[in-house]
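Asker: Provided below for reference: sequence and predicted model.
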Amino acid sequence: MIGPLFLLNAISAAVIATLLLLRGGALVELVALGYALSTLAAFFLSIYVGLFGFVEVLNGTPQIVAATAEVAAVLLSALALVRAHSPADRARRVSSLKRQSV
């Protein structure tokens, strides 16, 4: 059961990454953040409770790299969402639009 879920996870990541590159926007950034949070939660569930009969351990280089990558994905997704939709960014976009229309 866990093998097909890993495949689904990889396909989902590729689709979200493609959408971020091609489209962006608040909705896609929220989806990316939700994906990163749910993947991190599933990783820790598999360590402390088990997930579909699979129990992971939190020692070893692959596990530390995976945990670090998941935390980085959460932080970077949140930062991108906040930064792209901050009041300062909106003011820059508005002033840029005003200059283009003149």
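Answerer: Received, thanks.

Asker: how many residues are close by the closest residue in space to Val28 that isn't next to it in sequence?
Answerer: Nearest-residue entry for Val28: Leu19, 4.8 Å, with adjacent residues in sequence omitted and distances by CB to CB, 6 or more residues apart in numbering. For the C-beta atoms, the positions are set from N, CA and C on the backbone; glycine is no exception. Applying other CB atoms under 10 Å, we find 16 residues neighbouring Leu19.

Asker: hmm, Leu19 is touching Val31, no?
Answerer: Yes: contact criterion CB atoms under 8 Å: Leu19 and Val31 qualify, at 7.5 Å.

Asker: picking up where we left off before, return the distance of the residue nearest to Val28 relative to Ala32.
Answerer: 8 Å (CB to CB, to the nearest Å).

Asker: likewise for Gly24?
Answerer: For Gly24 relative to Ala32 (CB to CB), the value is 10 Å.

Asker: more neighbours: which of these two?
Answerer: Ala32 (23 against 13).

Asker: quick one, what contacts that one?
Answerer: Going by CB atoms under 8 Å, 6 or more residues apart in numbering, Ala32 touches 16, 20, 73, 77, 80.

Asker: which of these ranks first by neighbour count?
Answerer: Result: Ser77 is most packed of those (other CB under 10 Å), 21 neighbours.

Asker: so how far is stretch 66-81 from its chain's centroid?
Answerer: Distance of stretch 66-81 from the chain centroid (CA atoms, centre = their mean, to the nearest Å) equals 6 Å.

Asker: in it, what counts as buried?
Answerer: Going by neighbour count (16 or more other CB atoms under 10 Å), the buried part of stretch 66-81 is 66-67, 70, 73-74, 77, 81.

Asker: report the buried residues of stretch 81-90.
Answerer: Leu81.

Asker: so for that stretch, what's the average pLDDT?
Answerer: For stretch 81-90, mean pLDDT is 76.

Asker: report the backbone C-alpha coordinates of it in CSV.
Answerer: This file holds the C-alpha atoms of stretch 81-90, laid out as CSV (Å, rounded to 0.1, in the frame of the first residue of the first chain):
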residue,chain,number,x,y,z
LEU,A,81,3.1,33.1,0.1
VAL,A,82,3.6,35.8,2.7
ARG,A,83,6.2,37.7,0.6
ALA,A,84,4.2,37.7,-2.6
HIS,A,85,1.1,38.9,-1.0
SER,A,86,2.5,41.5,1.5
PRO,A,87,1.2,45.1,1.5
ALA,A,88,4.6,46.3,0.3
ASP,A,89,4.4,44.0,-2.7
ARG,A,90,0.9,45.1,-3.5
